[in-house]
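K.L.:
the following comprises the amino acid sequence and a computationally predicted model.
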Amino acid sequence: MMDRYNVRTDLALEQRERFVSDQIEIPGVAVEETYDDMCEVRVTTVRIETENGAAVMGKPVGNYITLEAPKMAEADESYHREISGKLMEVLEGCLPEKEDGQSILIIGLGNRNVTPDALGPLVVEHLDITRHLVKEYGKYALDGEADRLVSAVVPGVMGQTGMETVEIVRGIVEETEPDFVIAIDALAARSVRRLNRTIQIADTGIAPGSGVGNHRNAITEETVGVPVIAIGVPTVVDAATIVGDSIEEYVAKCRDEGMRENKEHLIPPYLYGMFVTPKDIDETMERTSYTISEALNALAAGQAHI
């Protein structure tokens, strides 16, 4: 039972918070935090610098940048425009050194038929795809706005294709030779308040499905041959976590330390492996996917502002 109660989260920030709450410092892990008053966005960078830090955190060495925007789940176009601009700034800082004609391959991970897992495919739907046009007519066919060439693919999931996603991506990379890959996927969070209000950018690549215990082979520079930037938004939370938090709050009120330590025994077994998503997930996913696609379109066009 103890093993099953392991908290599932794809967010490096939440993984780090578990140790902070216990007042434990992790050697080889550095944290930086800034707050933008104008767009009310908190940007936290968790930098895993050593293999020891990676082992403790359960994540590869690299940088994990989290944008927390409490109002991102709201239908406010001007606010989402601000988030797109902030996301583009962060992405610019993660990308390899810029060269003329840089090529981006964008991978929309997930299952289009399952709404909480449809972020990647939805983002791809809103992208300005330019590689074929620039290859055929040159960037001036787009009024000189194509600073980077963009191609994209939605590889589906193994149940639909019978192939590991990394196999598909590796084949496309070998054929089209992009300078780097950007992979977009839905994530799992530890905290309900971060659902659809948080964007994580990682320069370490991504392991599709890891947050819900469905581990697939990772898409990284080592496995596909070019740098991989991952963009993710948490859309689900473990049901057992919600129940566990409620029990912990109740136990804390009762001031019964013994019960607090054994709270996992009070969680019904059928809740393990069950994930919960907000009821307005359809609308939220449409807005969030558009916000991310606008940042990527601006990045490709080389725009300083959105």
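P.N.:
Arrived safely.

K.L.:
what segments of this protein are strands?
P.N.:
29-36, 41-48, 62-68, 102-108, 148-153, 180-189, 198-202, 228-238, 275-276 (DSSP state E).

K.L.:
next, format these as CSV and append distance to Ile292, mean pLDDT and mean neighbour count.
P.N.:
Heads up, the C-betas are built off the backbone N, CA and C, glycines and all. What follows is those, written out as CSV (distance: least, C-beta to C-beta, whole Å; pLDDT from 0 to 100; neighbours: other C-beta atoms under 10 Å):
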stretch, distance to Ile292, mean pLDDT, mean neighbour count
strand 29-36, 18, 91, 13
strand 41-48, 14, 94, 21
strand 62-68, 11, 95, 21
strand 102-108, 10, 94, 23
strand 148-153, 12, 92, 21
strand 180-189, 6, 94, 26
strand 198-202, 7, 96, 24
strand 228-238, 6, 92, 25
strand 275-276, 21, 75, 16
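
K.L.:
turn the ones you listed into a markdown table, including distance to Glu74.
P.N.:
Output for the strands of the chain, formatted as a markdown table (distance: least, C-beta to C-beta, whole Å):
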| stretch | distance to Glu74 |
| --- | --- |
| strand 29-36 | 17 |
| strand 41-48 | 14 |
| strand 62-68 | 14 |
| strand 102-108 | 24 |
| strand 148-153 | 28 |
| strand 180-189 | 18 |
| strand 198-202 | 14 |
| strand 228-238 | 15 |
| strand 275-276 | 20 |
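
K.L.:
which among the ones you listed is found nearest to Glu283?
P.N.:
Of all the strands of the chain, it is strand 228-238 that lies closest to Glu283, at 12.6 Å by C-beta to C-beta.

K.L.:
given that closest one, what are its sheet partners and their directions?
P.N.:
Taking DSSP bridges as the criterion, strand 228-238 sits next to strand 180-189 (parallel), strand 198-202 (antiparallel), strand 275-276 (antiparallel) in its sheet.

K.L.:
report the distance from it to the chain centre.
P.N.:
The gap between where strand 228-238 is centred and where its chain is centred comes out at 3 Å by C-alpha atoms, centre = their mean, to the nearest Å.

K.L.:
relative to strand 102-108, how tilted is that strand?
P.N.:
The directions of strand 228-238 and strand 102-108 differ by 20 degrees, with axes from the mean of the first three to the mean of the last three C-alpha atoms, to 10 degrees as the criterion.

K.L.:
need the CA coordinates for strand 228-238. PDB is fine.
P.N.:
Output of strand 228-238 as PDB, limited to C-alpha atoms (Å, rounded to 0.1, in the frame of the first residue of the first chain):
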ATOM      1  CA  VAL A 228      14.500  18.300 -27.300                       C
ATOM      2  CA  ILE A 229      12.500  21.000 -25.500                       C
ATOM      3  CA  ALA A 230       9.400  19.800 -23.700                       C
ATOM      4  CA  ILE A 231       6.300  22.000 -23.000                       C
ATOM      5  CA  GLY A 232       3.700  20.600 -20.700                       C
ATOM      6  CA  VAL A 233       0.500  21.600 -18.900                       C
ATOM      7  CA  PRO A 234      -0.900  19.600 -16.000                       C
ATOM      8  CA  THR A 235      -4.500  18.500 -16.800                       C
ATOM      9  CA  VAL A 236      -5.000  15.700 -14.300                       C
ATOM     10  CA  VAL A 237      -4.400  14.900 -10.600                       C
ATOM     11  CA  ASP A 238      -4.300  11.500  -8.900                       C
END
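
K.L.:
wait, Ile206 sits on Gly232?
P.N.:
Yes: applying C-beta atoms under 8 Å, one finds Ile206 in contact with Gly232, separated by 7.1 Å.

K.L.:
related to what we said a few turns ago, out of the strands paired with strand 228-238, flag the one nearest Arg287.
P.N.:
Using C-beta to C-beta as the measure, strand 198-202 is the one of these that comes nearest Arg287, at 12.6 Å.

K.L.:
and Val124, how far from Ile106?
P.N.:
Distance of Val124 to Ile106, given as C-beta to C-beta, to the nearest Å: 6 Å.

K.L.:
any common contacting residues for those two?
P.N.:
Both Val124 and Ile106 are in contact with 152-153, 184, where contact means C-beta atoms under 8 Å, 6 or more residues apart in numbering.
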